[in-house]
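Engineer: turn this into a structure:
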Amino acid sequence: MKALQGVEGRAEWAQQPRPACDVGQIRIQVAAAGLNRADLLQRAGLYPPPPGASETLGLECAGIVSEVGAGSEWQVGDRVCALLAGGGMAEEVVVDARHALPVPEGVALREAAGLPEVYATAWLNLYQLTGLKPGEKVLLHAGASGVGSAAIQLCKAFGNPCWVSVGSAERLAYCEALGAQGGVLRGDDNLQALRDFGPFDVILDPVGGDYAALNLELLARDGRWVNIGLMGGRQAQLDLALVLGKRIQLIGSTLRNRDDQFKADLLRDLRQAVWPLFAEARLQPQLQRSYPAKDAELAFAELASNQVNGKLVLLIDESLS
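Structural biologist: Down below sits the predicted model:
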């Protein structure tokens, strides 16, 4: 089968052996795969997959079940999307059956390919790790990103007013249309204006270093700061008196290297608490653009531009997607 590999800073298609489908697994004929910043890093040689995971790019995909191992609830022909540690950007992928979700009714496979990673990330970090309660206020840095787009919709659905920091007025308008109360544009001293909307109970932050000191100022007492990325650098100087005085919790969070049972529990919770909201039209996929497989490098270039609202996906089998 053909699979997309990161080779010396480029994404290249190569022939790979078909993986076996074992007990508790399903084989998916991949229609489309979502792009994530982790794929950019792996393509550049900076983020190797966890031990035992596929070297093929792709942390999420959608397609049709083509083979079912013993002990699985799925049937051949089911439309599914899946959370992966790697391997989604290939003609086929074999995945733990517990890490797949049904494609919501009315959602195309190309749209569903961009759902598992961002909704699992947003749900885990906002509602599981921080115990976010209705009415508590949220700040989302990089609010127009895939995770940000999912998080805004979840906040609206579960009664949490949220604000964002973004890179342009157009992206702020996009976030407000999804349900954000407002926000600021990053750069210069604009971020300081977030004080007008705070203090915040929870901050979801994929930036890190550059934003660290401000995050402490913006958090309310008993506030929770979840760091999920290092786009602004890995070093920061913190005023620990604020951490103590406000009883702030700083939570470092990753998803890709979690074990299979953790992901199974997360996906089960997501299926029960979040997935029904798609049928009610309270959540909607935010697919900005899809690219044919031959244009993978163009897709990665657009993702690297940091100008994407929502998600980009790569079409692996256009007859399905």
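Engineer: distance from the chain centre to the lengthiest helix in the chain, please.
Structural biologist: Secondary structure assigned by DSSP state H gives helix 260-273 as the longest helix of the chain. Distance of helix 260-273 from the chain centroid (C-alpha atoms, centre = their mean, to the nearest Å) equals 15 Å.
Engineer: report the secondary structure element holding G223.
Structural biologist: For G223, the host element (DSSP states H and E) is strand 219-227.
Engineer: next one: L216
Structural biologist: Counting by DSSP H and E, the element that carries L216 is helix 212-218.
Engineer: what's that helix packed up against?
Structural biologist: strand 200-205, helix 240-246 (3 or more C-beta pairs under 8 Å, 6 or more residues apart in numbering; DSSP states H and E). The C-beta positions use only the backbone N, C-alpha and C, and glycine is treated the same way.
Engineer: which of the ones you listed is buried the deepest?
Structural biologist: strand 200-205 (a mean of 26; mean count of other C-beta atoms under 10 Å).
Engineer: thinking again about what came up before, contacts for the helix or strand that the longest helix of the chain is followed by?
Structural biologist: Counting by DSSP H and E, the next helix or strand C-terminal to helix 260-273 is helix 276-279. By C-beta atoms under 8 Å, 6 or more residues apart in numbering, the list of residues contacting helix 276-279 from outside reads 104-107, 157, 283-284.
Engineer: got the buried residues for helix 276-279?
Structural biologist: Of the residues in helix 276-279, 277-278 count as buried by neighbour count, 16 or more other C-beta atoms under 10 Å.
Engineer: let me know the average pLDDT across stretch 294-306.
Structural biologist: Confidence over stretch 294-306 (mean pLDDT, whole number) is 95.
Engineer: nope, stretch 147-163 is what I was after
Structural biologist: Mean pLDDT, computed over stretch 147-163, is 98.
Engineer: likewise for stretch 112-131?
Structural biologist: Across stretch 112-131, pLDDT averages out at 98.
Engineer: the chain should start at 738 in everything you say after this.
Structural biologist: New numbering, starting at 738: the last item is stretch 849-868.
Engineer: list the buried residues for that stretch?
Structural biologist: For stretch 849-868, a neighbour-count test (16+ other C-beta under 10 Å) marks 849-864, 867 as buried.
Engineer: what does stretch 741-755 give?
Structural biologist: For stretch 741-755, the neighbour count (16+ other C-beta under 10 Å) marks 741-743, 748, 750, 753 as buried.
Engineer: the strand holding G960 pairs with which strands, and in what direction?
Structural biologist: Its sheet considered, strand 956-964 pairs with strand 937-942 (parallel), strand 986-989 (parallel) by DSSP bridges.
Engineer: what's the last one in contact with?
Structural biologist: Under the contact criterion C-beta under 8 Å, 6+ apart, strand 986-989 has outside partners 862, 866-867, 959-964, 980.
Engineer: and stretch 1018-1029, by the same measure?
Structural biologist: By C-beta under 8 Å, 6+ apart, the residues outside stretch 1018-1029 that reach it are 769, 844, 847-849, 851-852, 856, 883, 886-887, 890-891, 893-894, 915, 1011, 1014-1015, 1035-1036, 1039, 1045-1052, 1055, 1058.
Engineer: over to stretch 776-789?
Structural biologist: Taking C-beta under 8 Å, 6+ apart as the rule, stretch 776-789 contacts 743, 745-748, 775, 792, 794-796, 822-823, 826, 993-994, 1037, 1040-1041.
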